[in-house]
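In: Whatever this is, show me its structure:
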Amino acid sequence: AAPEAMWPAFQTYAKEKFGYTTTLSFAEAPFGELFQKIAPTLASGSQEFNLMVVDSQWLGALAEPGWIVPADQIYALNPDLDKEPFSSLVSSTYQVYPDGSGQRWGFPQMPDTQGVAMRLDMLEDPANQAAFEAEYGRPLGTTFADYENMTMAEFEDVIAFFNKPDEGMYGTALQYSKDYDFFSCAYYPFVYSQGGEIWDPATNNVEGILNTDLNAKAMEEFVGLSKYQAPSFATQGIGELIDLFNTGKVFSAFQWNAVGANMTGPPEAEGKVLFIPLPKFPGADGQPTIIGAMGGQPWVVNAFNDEDHMRVAIDFLNWWYLPETQNTFIMENGGLPWSKDGVNDPAYMEAIPYMGSFKYMLEEGRSKDFWHVPEYAEMLAVSQEAFNAFATGQITSAKAALDYVAAKQQAILFDAGRTTTAPPEGTADMTLPVG
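Out: Next comes the predicted model:
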């Protein structure tokens, strides 16, 4: 991990600037397990983890019990930390809880948006160029500009063209795994972009908002793309997409931009990979629209730190956000910028192949995060199980899957006192609607 790899540089900085020596004890785990690793220590008032990189959706679960320091308190004493973000998506995703309150708890660490990686060598092949134009009556795009405003229907032609399972090549790969948030984050752009929502954050209601005909159609479209994918599609997550793309088994992959450095393609591609934003859908107003899901993580500071550990944590943050440190993080350690100055730096656009896709999706209105409430993990477990069951065929109706999830999530929020709207009658006895 970049913070661990870069720690020796901070040790040198701290010794030279402040005269103290510091050591690092670093713990790492997949995000599906990390919360369970840190939460018990915080609940006990421990300072075992002084500074933490957490998922953006955990802000409520960490802030409400008083486990982390309000970022605004630290900004007040360290104004140089408070840099202008590229867009409001940075603050709303990595910093603010409750949603819309303006109260900040996190410090942006690794921002992330969604995009698509494609085999540029295959796009540029003269035989493919001629064959595609003959079949579809339009040129086969080879540049970012060619795909920047492409609709999903148009892009489906491209992945259909390259889908040759008899030759061991599939048109694309998306994430449908029930692990952590893989299916949900890959599916939600199909909902958001077409005018749907997954809940109402103002009322904390899910029933009647998630389980609509529009969202069911969006799920059918999302899972319908499996016809261009490997038989393993229902188990695919971030790592599986990297493997499929880099072993030459897929032409394209819908992937998080933050792992773009890992999407190199197979040796025969010679590193020729084109990264583009997510394709657009007909929006609520009929115009081509894309609204992706936000990924990425913030730093948070343990509220139980003693004076010495609190000082080191804040000194580290001041060092981390120095321009030269951020440049090392981005140019040498696979990081991405989040500040207005950083995202607009032409050096990053020139050096990072996926920077254009990342920046496009970080623009106002083109992505959004979800569920910062403490019940996030419980709600996610319900949706992941049911959504994946539709992908595998265990549940045969997308609407039935959404009805089940909406009722169960409404019950979770009602029981937590976050909504006054009760779930549908009989929700407690509902089981997964298989068949």
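In: Please count neighbours and contacts with C-alpha atoms only from this point.
Out: OK.
In: List the buried residues of the lowest-mean-pLDDT helix or strand in the chain.
Out: Scoring the helices and strands of the chain by mean pLDDT, DSSP states H and E places helix 31-43 at the bottom, with a mean of 91. Using 16 or more other Cα atoms under 10 Å as the test for burial, helix 31-43 gives 35, 38, 42.
In: Contacts for the helix or strand following that helix, please.
Out: Remark: after helix 31-43, the chain's next helix or strand is strand 51-53, criterion DSSP states H and E. Strand 51-53 is contacted from outside by 109, 297-302, 313, using Cα atoms under 8 Å, 6 or more residues apart in numbering.
In: mean confidence score for strand 51-53?
Out: Strand 51-53 shows a mean pLDDT of 96.
In: tell me which element K17 falls in.
Out: With DSSP H and E as the test, K17 turns up in helix 2-18.
In: Tabulate the contacts of strand 51-53 (a markdown table), appending distance to I330, secondary structure and pLDDT.
Out: Output for the contacts of strand 51-53, formatted as a markdown table (distance: Cα to Cα, whole Å; DSSP: H, G, I helix; E, B strand; the rest coil; pLDDT from 0 to 100):
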| residue | distance to I330 | secondary structure | pLDDT |
| --- | --- | --- | --- |
| Q109 | 11 | strand | 97 |
| Q297 | 15 | strand | 97 |
| P298 | 16 | strand | 98 |
| W299 | 16 | strand | 98 |
| V300 | 20 | strand | 98 |
| V301 | 22 | strand | 98 |
| N302 | 25 | strand | 98 |
| A313 | 21 | helix | 97 |
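In: coming back round to it: what pLDDT, on average, does the helix holding K17 get?
Out: Across helix 2-18, pLDDT averages out at 95.
In: Remind me what that helix packs against, helices and strands.
Out: helix 307-320 (3 or more Cα pairs under 8 Å, 6 or more residues apart in numbering; DSSP states H and E).
In: Which is the succeeding secondary structure element to the helix it packs on?
Out: helix 323-332.
In: for that following helix, which positions count as buried?
Out: Applying 16+ other Cα under 10 Å to helix 323-332 flags 325-327, 329-330 as buried.
In: can you give me the strands in the chain?
Out: For the chain, the strands defined by DSSP state E cover 51-53, 107-112, 114-119, 252-256, 273-277, 281-282, 288-289, 292-293, 295-301, 367-368.
In: Of those, which is nearest Y404?
Out: Closest approach to Y404 among the strands of the chain is made by strand 292-293 (22.3 Å; Cα to Cα).
In: what does the closest one rub up against?
Out: Outside strand 292-293, the residues that reach it (Cα under 8 Å, 6+ apart) are 113-114, 185-186, 188-189, 192-193, 278, 361, 366-369.
In: Surely A234 is in contact with L174?
Out: No - A234 lies out of contact with L174 (Cα atoms under 8 Å); the separation is 9.0 Å.
In: how about the helices of the stretch 101-250 of the chain, start to end?
Out: For the stretch 101-250 of the chain, applying DSSP state H, counting those that start in this stretch gives helices covering 120-124, 126-136, 144-147, 152-162, 182-192, 213-224, 238-246.
In: Show me the one of those helices that comes nearest E350.
Out: Closest approach to E350 among the helices of the stretch 101-250 of the chain (Cα to Cα): helix 144-147, 13.3 Å.
In: got the contact list for the closest one?
Out: With Cα under 8 Å, 6+ apart as the test, helix 144-147 has contacts from 141, 274-277, 279.
In: Only whichever of those residues are buried, select them in PyMOL.
Out: This is the PyMOL syntax for the buried subset of the contacts of helix 144-147, where burial follows 16+ other Cα under 10 Å:
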select buried, resi 274+275+276+277+279
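In: Among the buried residues of helix 323-332, which one lies nearest to A269?
Out: The nearest member of the buried residues of helix 323-332 to A269, counting by Cα to Cα, is I330 at 24.4 Å.
In: Do I have it right that that closest one meets L336?
Out: Yes - under the criterion of Cα under 8 Å, I330 makes contact with L336 at 5.3 Å.
In: rewinding a little: output the strands of the chain as TSV; include the columns distance to M355.
Out: Shown next, in TSV, are the strands of the chain (distance: least, Cα to Cα, whole Å):
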stretch	distance to M355
strand 51-53	22
strand 107-112	11
strand 114-119	10
strand 252-256	12
strand 273-277	8
strand 281-282	22
strand 288-289	20
strand 292-293	16
strand 295-301	15
strand 367-368	15
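In: List the buried residues in stretch 276-288.
Out: Of the residues in stretch 276-288, 276-283, 288 count as buried by neighbour count, 16+ other Cα under 10 Å.
In: Reformat these as CSV; add pLDDT and distance to D345.
Out: Listed next are the buried residues of stretch 276-288 as CSV, based on pLDDT from 0 to 100; distance: Cα to Cα, whole Å:
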residue, pLDDT, distance to D345
I276, 98, 19
P277, 98, 19
L278, 98, 22
P279, 98, 25
K280, 98, 26
F281, 98, 30
P282, 96, 32
G283, 95, 31
P288, 97, 28
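In: Which pair of these spans the longest distance?
Out: Greatest spatial distance among the buried residues of stretch 276-288 (Cα to Cα): I276 and G283, at 19.4 Å.
In: So which of the helices of the stretch 101-250 of the chain is nearest P8?
Out: With Cα to Cα, the closest approach to P8 among the helices of the stretch 101-250 of the chain belongs to helix 238-246: 28.5 Å.
In: now the angle between strand 114-119 and the closest one, please.
Out: Orientation of helix 238-246 against strand 114-119 (axes from the mean of the first three to the mean of the last three Cα atoms, to 10 degrees) gives an angle of 20 degrees.
In: And helix 238-246, what's buried?
Out: By 16+ other Cα under 10 Å, the buried positions in helix 238-246 come out as 238, 240-246.
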